[in-house]
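Colleague: after the sequence you'll find the predicted model.
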Amino acid sequence: MTAPGRVAGGPDRAAASLAAGRPVLVIADHTGHADRADHTGHAERTGHADRAGHIDSTGDTDRVGGALVVAADRVDRRSMAFVVRHTSGFVCVALTGYDCDRLGLPPMAGAGGRPALTVTVDAATGITTGISAADRARTARLLAGAATAPGDLTRPGHVAGVRAAAGGVLAEPGTAEAAVDLARLAGCRPAAVYAQLVRDDGATAGPQDLAAFAAAHELDVVTVGELVEHRRRTEVLVEAVARCRMPTRHGEFTAVGYRSHPDGGEHLVLVAGPVSGRSDVLVHGHEECLCGDVLGSRACRCGSELDAALAAVAEHGCGVVLYRRSAAGLLGHAPSAPSAAGAGRVLLDAVLTDLGVRSWRPALPAAGAAGAAS
C-alpha cells in the first residue's frame, strides 16, 4: 500500500483503472482550475503535486482539490455508492459539448462560469426515485450512451451534466475536462462521473487528506497538470498541410495552412522572415471575423487590429500572425468564452513550437505578455 503523503498513478494508470470500472482520484493541483496557460501556452505552475507523486501539504489548500472520477459507461451501483459516500454527494457527469447538444441539455439557469453545469436529469425508465446509487448509475450510463435520445431522460433529476470545454484540459484545465480526457484515454465513451472529495466533517479535502484517502483505498491518482503534460507530449496538436508565398500590401509573407487536432479546424498562419530558432519574434493571434476583417465593419476593431499586426510583423521582418478559424459563425463575432480563449492559446503555442520559435513578444502593445515557446 502507498505510504501517506505519496500517491501513485499518472494518466496511463488512471486510464487503465477507469477502463476496468474503478474510481480514480483526480487532483486539480494548480492555481485556478489547474494549469492556467498564459499567452505562450505555457502553464504557470504553482502546484501541489510533483512528478514523483508527492502532494505538497504546505501549499494553499484552497487551491487544491480532489474529485473521485468513474467512467460513465462503466459505473455501477457499487462504484456510484463509493463516490456518493466519500464526496459532497453532488454527482456530476462531464460530457462533451456535442453530447450535451445531442441530449438536449441546456445550461442550468443562473450557473454562469465554470464548471458549465447543465440541467439535472434522471433516467426516464428503469429507476425508482432517482436518488439511489443504482438509479444514479443508470442515469450516468444513459448520459454516456451513444444511442441515448433526449426523451430517454427526464428533467429535473438527481444527476447534473457538465459541459466540458472543447479541447479538454489543453483549453480549460478543470476537473470536468480532465474527466472527459481520461475517459477518452481509457477507450471509454467521453463521459465521466465525478464529485468533489470531502472530509468527514464536510470540509473540502486538503493535500494530506487526499494522499491519505488514496493510500487507504489504493486508488490510482492523476493530477490535472500531469494530464496536460501527457497530452502535450503524446498528441499531435497541429499539422502543417499547405504552404505558399503570399505578397501583401505590407510585404511578402509565407502562408502556412494548419489543421488542428482533434477538432480538425483549419487555420492560416502568415510568417515573415526566418523564425525557426529565433528569439524576439513578433507574434499576433487573431480570431476570424468576417464583418471586421473583410467588410470593414465599424462595430469592432478586428480589421484594424489585423492590419496593424501585419504591418508591425512585416516591418520587424521576423514574425508570425495566426489567423484562427472562428466557431462564432460568419455574421457574428462575440467576445470569446474562456474555453475558446484557452483553445486559442493552445493552438498558438502548438504553432509556434512547430515553427521552431524560441521566444516572442506581442506584435501589438495590448496583446499580452511576451513568452517562450515550448
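Modeller: Thanks, I have it.

Colleague: pretty sure P150 sits against C100.
Modeller: No: look at P150 against C100 with CB atoms under 8 Å: they stay out of range, at 10.8 Å. Placement of C-beta: from N, CA and C, glycine included.

Colleague: comparing the two, which shows the higher neighbour count?
Modeller: Neighbours were counted for P150 and for C100 using other CB atoms under 10 Å; C100 has more, 20 against 12.

Colleague: how about the contacts made by that one?
Modeller: For C100, the contact set (CB atoms under 8 Å, 6 or more residues apart in numbering) comprises 118, 161, 163.

Colleague: name the helix or strand for the closest residue in space to G251 that isn't next to it in sequence, please.
Modeller: The shortest distance from G251 to any residue other than its chain neighbours is 3.8 Å, reached at A314 (CB to CB, 6 or more residues apart in numbering). Per DSSP states H and E, A314 falls inside helix 302-316.

Colleague: after that helix, next one along is what?
Modeller: Remark: after helix 302-316, the chain's next helix or strand is strand 319-324, criterion DSSP H and E.

Colleague: chain center to that next one: distance?
Modeller: Counting by CA atoms, centre = their mean, to the nearest Å, strand 319-324 is centred 22 Å from the centre of its parent chain.

Colleague: partner strands of that strand, parallel or antiparallel?
Modeller: strand 266-272 (antiparallel), strand 281-287 (parallel) (DSSP bridges).

Colleague: now the angle from the last one to helix 302-316?
Modeller: For strand 281-287 against helix 302-316, the angle between stretch directions is 160 degrees (axes from the mean of the first three to the mean of the last three CA atoms, to 10 degrees).

Colleague: cool, and the first one?
Modeller: Interaxial angle, strand 266-272 versus helix 302-316 (the same axes, to 10 degrees): 40 degrees.

Colleague: sketch out the low-pLDDT regions of the chain for me.
Modeller: Applying pLDDT under 70 to the chain flags residues 1-8, 30-64, 111-114, 327-343, 367-374.

Colleague: domain ranges for it, per the record?
Modeller: Using automatic domain parsing, the domain parsing of the chain gives 11-233, 238-372.

Colleague: deepest-packed of the ones you listed, please.
Modeller: domain 11-233 (a mean of 20; mean count of other CB atoms under 10 Å).

Colleague: which residue ranges form the strands in the chain?
Modeller: 24-28, 65-71, 92-95, 117-123, 153-163, 191-196, 221-223, 238-248, 251-260, 266-272, 281-287, 319-324, 359-362, 371-372 (DSSP state E).

Colleague: related to what we said a few turns ago, ok, which of the strands paired with strand 319-324 comes nearest G251?
Modeller: Closest to G251 of the strands paired with strand 319-324, according to CB to CB: strand 266-272, at 6.8 Å.

Colleague: ok, for V119, nearest residue in space, not its chain neighbours?
Modeller: Closest residue in space to V119, ignoring its immediate chain neighbours: R155 at 5.1 Å, by CB to CB, 6+ apart.
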